[in-house]
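Q: Following is a predicted model, sequence given first.
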Amino acid sequence: MSNFIRTLRWPAKSEENIQLDREWIVTNGLGGYASGTVAGFTTRRFHGLLVAALPSPFGRWMMLNDLTDYVCFADGRTIQMSGEDRENLPLRAHGAEHLREFRIDCGLPVWVYEIAGLVIEKRIILPHGQNTVCLTYRIATGSESGPVRLQLRPHMHFRPHEGTLKTLLDEPYRLLVDGEHYEFSSANAQLPALRMHVPGEDTAFTFDRRYTKELLYRIEERRGYEARGDMWSPGYFDLPLTPEKPACLVASTESWEVLCAIPPEEGVAMEHGRRDALLRLAHPAAQEGFGGELVLAADQFVITPMGRVEDVARARAAGDSIRTVIAGYHWFTDWGRDTMISLEGLTLTTGRHAEAGWILRTFAYYVRDGLIPNMFPEGKNEGLYHTTDATLWFFHAIDRYIELTNDRPTLRAILPKLVQIVKYHLAGTRFGIGVDPKDGLLRQGAPGYQLTWMDAKVDDWVVTPRRGKAVEINALWYNALKLLEGWLQDSKSLDVSIKEISDHAERARTCFNERFWYEAGGYLYDIVDAEDGGNDEAFRPNQLLSISLKHPILDQNRWEGVVTLCREKLLTPVGLRSLAPGHPDYKSRYYGDLRSRDAAYHQGTAWGWLIGPFVDAWLRVYPDDRAGARKFLAGFEHHLENEGAIGSLSEIFDAEEPYHQRGCVAQAWSVAEVLRCWVKTAN
């Protein structure tokens, strides 16, 4: 495991402040997580030690916000080790004086503190498949100072993880004590209790209730959201810490039987063993180094959505299992588009083939009117269908899965729905999605909706509506038709005209090359037959899909010119710009309040996932240049170690140097596409 350690260090007397924008995240395979800053300060509403993934209608709830820990010496000294100093928060906004080292060890966070001659190591794990967090402390060096004790003060504000911070804490929090077992509950009888366990002898809990008022969440303030809230602390735990015996605190919404089933020290070893197994399962080119770290990062996003109880019950009754993909942490749920784009990198490259099949079968169940869901809202069982491309990416994901696994039973089961999808698109379906009989191209658009991946919307303002015939939508449509044509040739059980499907594909290809080619610019229009008339000449990365997919729709003699221009105008060290500089709508930075940020979201901001289509297109033009294609990934390794959530890859970046990380600190399709390309460009 030594190859998977990323370490940040600070000298003992350094004047350097610990950066608050360096974060960490650990997930539990259910959509729940723990996350915070390296320095130990809470700067987001999403930062907490246990965000539990609860059944509908709750969704993800903040159950344990924070823990302030103190070291108590025999001579009477009590020194705070980490956590917010809430009484003097503004004075300690940028430092954690005792922290000497932070590292990500096999994807898990470890802090090393030096306090009065003691070196103390703190670890956090979330046992896989449980809404449980385990914190362990051990003395690494320095036992000369005599016996020491820890005081651990938990801070709580039970709320939806994306919910309001100003919820009044006037509901009575109840505490039930039974030996070493402590149970905290709110007045909401449906909400599970938070159970805490401090194993070992000579432990105690002191009831010392405190309220924290107007705690500032700095990143929320910077992003224009509600930024101040309250917290409650019931008291503190007191427990011994010796060189021979680590100290532990376990908090959970699970039953006492589940919570206490695995001793904390065994849980750490088991989690490392699980991660070691993930690495052995992955593609050989992704079992060590940067590729191995991406395999561990990919594990953050593949989950069992326990919140959707009906889905789980239905899958189990059919002898199946349910899986989906969290699009990004902290605030995204499972999105159809992100899932289908990410599926190859997250599950096939990592050797998790069975889970890929479960994901595809899960989404196949939800096909409605020829569409798969765009997203499942937090705490809901039903999806929203306002998307054009997610369904077409579904064909792509199925192809990648079948090509690798040859799982013909799954293909046979899903194939009737794929035929149905094409029929709906040919006839026309929701949101103005349908083929134009005049030229065989797919158009889309409905007032108030953003249906492509460029989906920013603020109130009633759709920033990039792209209504009309979008370039990547038609590339995906052609690819879907060609894939279906091939699958139907292998399956004679369906009464479908293969020639009709082939004719639709050929007509789309012919008209695409006639209508989308912008001769004066030497590239492809982004939109043909735009809602305001004419064609959109904006230079965007969407055109790369006309080359990168399995069945490229663009004539081959035009590939090199398009790829060359995309490299010159769009390529950055951390993905591709969403719009070329020079356009009137181009924004070089993604910052400010929600309206300002969304105005830049797809108007220049660089996206990590777009490196995937670019590398695919590059290798289509230069098939022997894997070494050159590998160089396009170099900036992501630096980012993984130094920005966002250390050990993962962010959603977006500023369009210009120094390409600051923005958006989600850990994003599924960024990790998936970089990992896939890392393997694809291996020697």
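A: Received, thanks.
Q: how about Glu673, what does it touch?
A: Neighbouring residues of Glu673 by CB atoms under 8 Å, 6 or more residues apart in numbering: Ile341, Ser342, Gly345, Gly608, Trp609, Leu610, Ile611, Gly612. No exception for glycine: its C-beta is placed from N, CA and C like everyone else's.
Q: 6 Å instead, please
A: Applying CB atoms under 6 Å, 6 or more residues apart in numbering to Glu673 gives the contacts Gly345, Trp609, Ile611, Gly612.
Q: Mind telling me what element the last one is part of?
A: For Gly612, the element it lies in under DSSP states H and E is helix 611-621.
Q: Can you give me the buried ones in that helix?
A: Neighbour-count burial for helix 611-621, counted by 16 or more other CB atoms under 10 Å, picks out Ile611, Gly612, Pro613, Phe614, Val615, Asp616, Ala617, Trp618, Leu619, Arg620.
Q: Excluding covalently adjacent residues, which one is nearest to the first one?
A: Nearest-residue entry for Ile611: Gly575, 5.0 Å, with adjacent residues in sequence omitted and distances by CB to CB, 6 or more residues apart in numbering.
Q: For Gly521, see how far away that neighbour is.
A: Per CB to CB, to the nearest Å, Gly575 is found 22 Å from Gly521.
Q: Asn513 too?
A: 15 Å.
Q: For Glu514, which three-state class applies?
A: helix (DSSP: H, G, I helix; E, B strand; the rest coil).
Q: Hmm, Ala53 is touching Gly29, no?
A: No - Ala53 is not in contact with Gly29 according to CB atoms under 6 Å; the separation is 9.1 Å.
Q: So between those two, which is more surrounded?
A: Ala53 (25 against 20; other CB atoms under 10 Å).
Q: list the contacts for the more buried one?
A: Leu30, Gly31, Gly32, Arg60, Met306, Gly307.
Q: Quickly name whichever of those is closest to Trp111.
A: Nearest to Trp111 among the contacts of Ala53, counting by CB to CB, is Gly32 at 21.1 Å.
Q: Counting neighbours, what do you get for the closest one?
A: Neighbours of Gly32 (other CB under 10 Å): 27.
Q: the more surrounded of Asn513 and Gly521?
A: Asn513 (15 against 12).
Q: Around the residue nearest to Leu165 when sequence neighbours are not counted, count how many other residues there are.
A: In this structure, Leu165 finds its nearest non-sequential neighbour in Gly229, 2.8 Å apart by CB to CB, 6+ apart. Neighbour count for Gly229, taken as other CB under 10 Å: 23.
Q: Would you mind identifying the next helix or strand past the helix or strand where Gly229 lies?
A: For Gly229, the element it lies in under DSSP H and E is strand 228-241. Using DSSP H and E, the next helix or strand after strand 228-241 towards the C-terminus is strand 247-252.
Q: CA-only coordinates of that following strand in PDB, if you can.
A: What follows is strand 247-252, C-alpha atoms only, in PDB (Å, rounded to 0.1, in the frame of the first residue of the first chain):
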ATOM      1  CA  ALA A 247      -8.500   5.400  21.600                       C
ATOM      2  CA  CYS A 248     -11.600   5.200  19.400                       C
ATOM      3  CA  LEU A 249     -15.000   6.800  19.000                       C
ATOM      4  CA  VAL A 250     -17.600   5.300  16.700                       C
ATOM      5  CA  ALA A 251     -20.800   7.100  15.600                       C
ATOM      6  CA  SER A 252     -23.600   5.600  13.500                       C
END
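Q: Mind listing the strands it pairs with, and their directions?
A: In the sheet, strand 247-252 lines up against strand 132-141 (antiparallel), strand 194-197 (antiparallel) (DSSP bridges).
Q: quick one: contacts of it?
A: Residues contacting strand 247-252 (CB under 6 Å, 6+ apart): 50, 64, 132-137, 150, 152, 195-199, 239, 241, 259, 264.
Q: related to what we said a few turns ago, farthest-separated two in the contacts of Glu673?
A: Gly345 and Ile611 (11.2 Å).
Q: For the stretch 301-450 of the chain, which segments are assigned as helices?
A: Secondary structure of the stretch 301-450 of the chain (DSSP state H, counting those that start in this stretch): helices at 309-317, 336-343, 353-365, 389-405, 408-427.
Q: ranking the ones you listed by burial, who's on top?
A: helix 336-343 (a mean of 28; mean count of other CB atoms under 10 Å).
Q: From Ser342, how far out is Phe4?
A: From Phe4 over to Ser342 the distance is 21 Å, taken as CB to CB.
Q: hang on, the earlier thing: which among the buried residues of helix 611-621 gets closest to Leu281?
A: Gly612 (21.6 Å).
Q: Could you report the separation of the residue nearest to the closest one when sequence neighbours are not counted from Ile611?
A: Leaving aside its chain neighbours, Gly612 sits nearest to Glu673 (3.2 Å; criterion: CB to CB, 6+ apart). Distance, Glu673 to Ile611, using CB to CB: 6 Å.
Q: just Leu50 next, same as before
A: In terms of CB to CB, Leu50 sits 34 Å off from Ile611.
Q: now Lys631
A: 11 Å.
Q: do Leu239 as well
A: Taken as CB to CB, the span from Leu239 to Ile611 is 47 Å.
Q: try Glu214
A: Relative to Ile611, and taking CB to CB, Glu214 is found at 42 Å.
Q: so which helix or strand takes in the nearest residue in space to Val528 that is not next to it in sequence?
A: What sits nearest to Val528 in space, not counting adjacent residues and going by CB to CB, 6+ apart, is Lys469, at 4.4 Å. Using DSSP H and E, Lys469 falls within strand 469-470.
Q: partners of that strand, with directions?
A: strand 527-528 (antiparallel).
Q: Identify the residues contacting the one helix or strand Val268 maps to?
A: Per DSSP H and E, Val268 falls inside helix 264-281. Helix 264-281 has contacts (CB under 6 Å, 6+ apart) with 106, 125, 127-128, 134, 136, 248, 287, 292, 295-296, 299, 351.
Q: Filter those residues down to the ones in strands?
A: Ile125, Cys134, Thr136, Cys248 (DSSP state E).
Q: the helices in the stretch 101-250 of the chain, which residues?
A: Using DSSP H, counting those that start in this stretch, helices in the stretch 101-250 of the chain cover 218-222.
Q: low-scoring stretches of it, by residue?
A: 143-145, 167-171 (pLDDT under 70).
Q: So which residue is dead centre in the protein?
A: Nearest to the geometric centre of the chain sits Gly328, at 2.3 Å (CA atoms, centre = their mean).
Q: That one contacts Gln667, correct?
A: Yes - using CB under 6 Å, Gly328 is in contact with Gln667, at 4.2 Å.
Q: Quick check: neighbours shared by the two?
A: Glu651.
Q: re the thing from before, beyond the helix holding Gly612, next helix or strand please.
A: helix 626-631.
Q: list the buried ones in the helix or strand following that following helix?
A: With elements assigned by DSSP H and E, the helix or strand that comes after helix 626-631 is helix 634-642. In terms of neighbour count (16+ other CB under 10 Å), helix 634-642 has its buried residues at Gly635, Phe636, Glu637, His639, Leu640, Glu641.
Q: could you check the angle helix 634-642 makes with the helix holding Gly612?
A: On the basis of axes from the mean of the first three to the mean of the last three CA atoms, to 10 degrees, helix 611-621 is oriented at 160 degrees to helix 634-642.
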